[in-house]
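> Attaching a predicted model along with its sequence, questions to come.
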Amino acid sequence: MIDINLIRNNPELVRENIRKKFQDKKLPLVDEVLELDGRRRALIAEGDSLRAARNTLSKKVGQLMKQGEKEEAEKVRAQVVADADRLAAIEKENAEVEAKLKKDMMAIPNIIAPDVPIGKDDSENVELKRFGEPTVPDFEIPYHMDILERLDGIDIDSARRTSGQGFYYLTGDIARLHSAVLAYARDFMIDKGFTYVIPPYMIHGDVVSGVMSFDEMDNMMYKIEGEDLYLIGTSEHSMIGRFMGQILDGGKLPLTLTSYSPCFRKEKGAHGLEERGIYRIHQFEKQEMIVVCRPEESDEWYEKLWSYTVELFRSMEIPVRQLGCCSGDLADLKYKSCDVEAWSPRQKKYFEVGSCSNLTDAQARRLGIRFKDSDGKTKLAHTLNNTVVAPPRMLIAFVENHLQADGSVTIPEVLRPYMGGKSLIAVKK
């Protein structure tokens with residue numbers, strides 16, 4: 001959510017930002033916010049005036065009664081009652097105006113960074129840099145599900161019977177590899193100075209609406225029936241919610257945190273062959289990075305965060321690239337975002353394995369996350385998040401890039417301590 005002062009002082013900048021995000025249907029919201037804001041301020045002023053007059057009139061009633069002027073006192077008392085009725089009506093109307101104003105403000109997208117490429121959707125995202133040489137071996141690489149099944153590492157059919165589409169059982173060495181990557185990613189981030197956290201996996205609705213837009217909520221979140229609880233789609237949700245309504249000690253910023261959690265997503269819509277298997281699923285596990293910092297630090301932390309994901313994947317000998325997300329591909333709260341994509345030698349192209357975002361103060365304003373600076377002033381913090389690793393998609397990149405001609409999969413040096421010293425996963429079927 002952006003600062004309402006920006007809409008008051010520079011509404012055309014806000015409109016232009018909406019146009020850059022190809023959300024022209026939201027343009028009327030700017031004028032509506034200005035009208036609601038004006039009405040709210042007028043109601044507040046009138047209410048303050050009535051409260052001040054009430055005290056004066058109440059004293060006057062007492063004075064008139066002492067002087068024996070009962071008729072005049074009754075007239076003043078009637079005015080007090082009328083003012084009280086009007087004040088009640090003002091408070092009711094103001095609550096309605098504020099609720100509508102907040103809803104409109106939460107629908108207006110965050111101002112995007114000046115260097116964000118302008119484009120309608122993810123097809124217009126821009127490659128920024130490659131890391132590692134993408135190679136294609138001289139033997140055929142099967143579909144990732146076929147590779148995993150030959151390693152006796154996955155059971156989709158049983159998961160369909162127990163849970164339906166979008167679930168899986170991982171077994172044997174592949175299940176161990178899954179856990180090994182998460183453990184390695186955890187230790188990797190701890191070595192970067194991040195504090196390891198395991199957060200709640202369910203959060204209240206006010207946290208959900210604070211960390212994401214309404215459209216994202218509808219497309220992603222599972223709600224617990226009969227309770228004000230949602231299953232998290234990523235640990236970022238509960239990690240940022242942890243600081244809701246807090247005034248942090250500015251001397252302790254930045255807060256650098258890395259969190260593990262299972263994640264639950266609806267993943268609405270039909271997907272092609274390459275997005276079946278374990279690419280788009282309803283339940284997976286992930287290691288995440290979260291930073292809460294001062295406004296002047298967030299650009300620097302953004303660059304650090306995505307580079308950590310690149311470093312992690314390169315240490316596992318997987319080629320990756322950084323892809324700058326265009327304006328139309330940015331969620332409403334995002335100031336800037338990039339994807340880290342891993343090389344698929346089977347498809348001969350890259351695919352997303354992580355996403356890094358700087359949300360400036362958009363989440364902090366919704367959730368009331370502030371800090372007190374050394375000068376005693378209270379300011380809104382900036383929040384950032386980034387995927388360290390999400391094993392389902394990582395597993396696809398891993399088995400394709402480490403596949404051998406005989407169907408076995410090699411284990412890079414950094415993961416062997418987490419795999420009991422194994423250097424190879426052999427074919428079982």
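All right, it came through fine. Numbers count the residues shown, from 1 in each chain.

> For the stretch 251-400 of the chain, give me the ranges with low pLDDT.
Residues of the stretch 251-400 of the chain meeting the criterion pLDDT under 70: 268-276.

> rerun that using 50 as the cut-off
Applying pLDDT under 50 to the stretch 251-400 of the chain flags residues 270-275.

> try the stretch 51-200 of the chain
If you take pLDDT under 50 as the line, the stretch 51-200 of the chain has no such spans.

> all strands of it, in order?
Under the criterion DSSP state E, counting those that start in this stretch, strands of the stretch 51-200 of the chain are mapped to 126-131, 154-155, 169-170, 195-197.

> and those as a markdown table, adding distance to S344 and mean neighbour count?
(Glycine included, C-beta is placed from N, CA and C.) A markdown table is the format used below for the strands of the stretch 51-200 of the chain (distance: least, CB to CB, whole Å; neighbours: other CB atoms under 10 Å):
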| stretch | distance to S344 | mean neighbour count |
| --- | --- | --- |
| strand 126-131 | 14 | 14 |
| strand 154-155 | 18 | 20 |
| strand 169-170 | 20 | 17 |
| strand 195-197 | 30 | 14 |
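
> Those strands: which one's closest to K266?
Checking those against K266 by CB to CB gives strand 169-170 as the closest, at 20.9 Å.

> Partner strands of that closest one and their direction?
With DSSP bridges as the test, strand 169-170 is paired with strand 154-155 (antiparallel).

> List the neighbours of the partner strand that are in contact with it.
The contact list for strand 154-155 (CB atoms under 8 Å, 6 or more residues apart in numbering) reads 145, 148, 168-171, 174, 278.

> which among those gets closest to E98?
E98 lies nearest to I278 out of the contacts of strand 154-155, by CB to CB, at 45.2 Å.

> so the closest residue to P200 other than its chain neighbours is in which element?
Leaving aside its chain neighbours, P200 sits nearest to S238 (5.0 Å; criterion: CB to CB, 6 or more residues apart in numbering). Using DSSP states H and E, S238 falls within helix 235-241.

> For R294, give me phi and psi.
phi -70, psi 150 (degrees, to the nearest 10).

> show me what contacts it?
Here R294 is in contact with 250, 253-254, 371, 379, 381-382 (CB under 8 Å, 6+ apart).

> cool, R366 as well?
R366 makes contact with 1, 106, 209-211, 333, according to CB under 8 Å, 6+ apart.

> Among these, which ones are in strands?
Judged by DSSP state E, strands contain none of the contacts of R366.

> And for E96, the neighbour number?
11 (other CB atoms under 10 Å).

> confidence score at the residue lying closest to L229 once chain neighbours are set aside?
Using CB to CB, 6+ apart and skipping the chain neighbours, the partner closest in space to L229 is M202 (4.5 Å). pLDDT for M202: 96.

> Which one of the strands of the stretch 51-200 of the chain lies nearest to L36?
Checked against CB to CB, the stretch from these lying closest is strand 126-131, at 37.2 Å.

> neighbouring strands for that closest one, and are they parallel or not?
Strand pairing for strand 126-131, using DSSP bridges, gives strand 320-324 (antiparallel).

> Need the CA coordinates for the partner strand. PDB is fine.
Provided in PDB are the C-alpha atoms of strand 320-324 (Å, rounded to 0.1, in the frame of the first residue of the first chain):
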ATOM      1  CA  VAL A 320      21.300 -20.400 -13.700                       C
ATOM      2  CA  ARG A 321      20.300 -16.900 -15.000                       C
ATOM      3  CA  GLN A 322      18.800 -13.800 -13.500                       C
ATOM      4  CA  LEU A 323      15.600 -12.600 -15.200                       C
ATOM      5  CA  GLY A 324      14.300  -9.100 -14.500                       C
END
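
> which is the next helix or strand following that strand?
Scanning forward in sequence from strand 320-324 by DSSP H and E, the next helix or strand is strand 336-344.

> For the helix or strand that comes right after that following strand, what is the distance to the chain centroid?
Later in the chain than strand 336-344, the nearest helix or strand by DSSP H and E is strand 349-358. Averaged C-alpha coordinates place strand 349-358 at 14 Å from its chain's average position (CA atoms, centre = their mean, to the nearest Å).

> Okay, buried residues for strand 349-358 please.
Of all the residues in strand 349-358, those buried under the rule 16 or more other CB atoms under 10 Å are 350-358.

> repeat for stretch 169-181
For stretch 169-181, a neighbour-count test (16+ other CB under 10 Å) marks 170-171, 173-174, 176-178, 180-181 as buried.

> quick one: contacts for E300?
Residues near E300 by CB under 8 Å, 6+ apart: none.

> Would you agree it falls within a helix?
Yes: looking at E300 with DSSP: H, G, I helix; E, B strand; the rest coil, it is inside a helix.

> quick check, distance from the helix holding S238 to the centre of its chain.
With CA atoms, centre = their mean, you get 8 Å for helix 235-241.

> and that helix, average pLDDT?
Computed over helix 235-241, the average pLDDT equals 95.

> Tell me the helix or strand right after it.
strand 247-249.

> Tell me the helices and strands packed up against that next one.
strand 370-372 (3 or more CB pairs under 8 Å, 6 or more residues apart in numbering; DSSP states H and E).

> Could you rerun that using 10 Å?
Counting contacts by 3 or more CB pairs under 10 Å, 6 or more residues apart in numbering; DSSP states H and E, strand 247-249 is packed against strand 370-372, strand 378-380.

> Next, the contact list for the residue of the chain most remote from its centre, please.
Most distant from the centre of the chain: G68, at 67.7 Å, with distances by CA atoms, centre = their mean. With contact set as CB atoms under 10 Å, 6 or more residues apart in numbering, G68 has no partners.

> How much space separates the residue nearest to P200 from L257?
Computed as CB to CB, to the nearest Å, the S238 to L257 distance reads 11 Å.

> Repeat that for Q246.
Taking CB to CB, one finds Q246 at 14 Å from L257.

> which one of those two has more residues nearby?
Under the criterion of other CB under 10 Å, the comparison of Q246 against L257 puts L257 first, with 22 against 14.

> re the thing from before, looking at the buried residues of strand 349-358, spot the one nearest V291.
N358 (9.1 Å).

> Double-check that closest one against A364; I have them as touching.
No: N358 lies out of contact with A364 (CB atoms under 10 Å); the separation is 12.0 Å.

> Give me the common contacts of those two.
382-383.

> most surrounded residue in the contacts of R366?
Taking other CB under 10 Å as the neighbour criterion, V211 ranks highest of the contacts of R366 with 27 neighbours.
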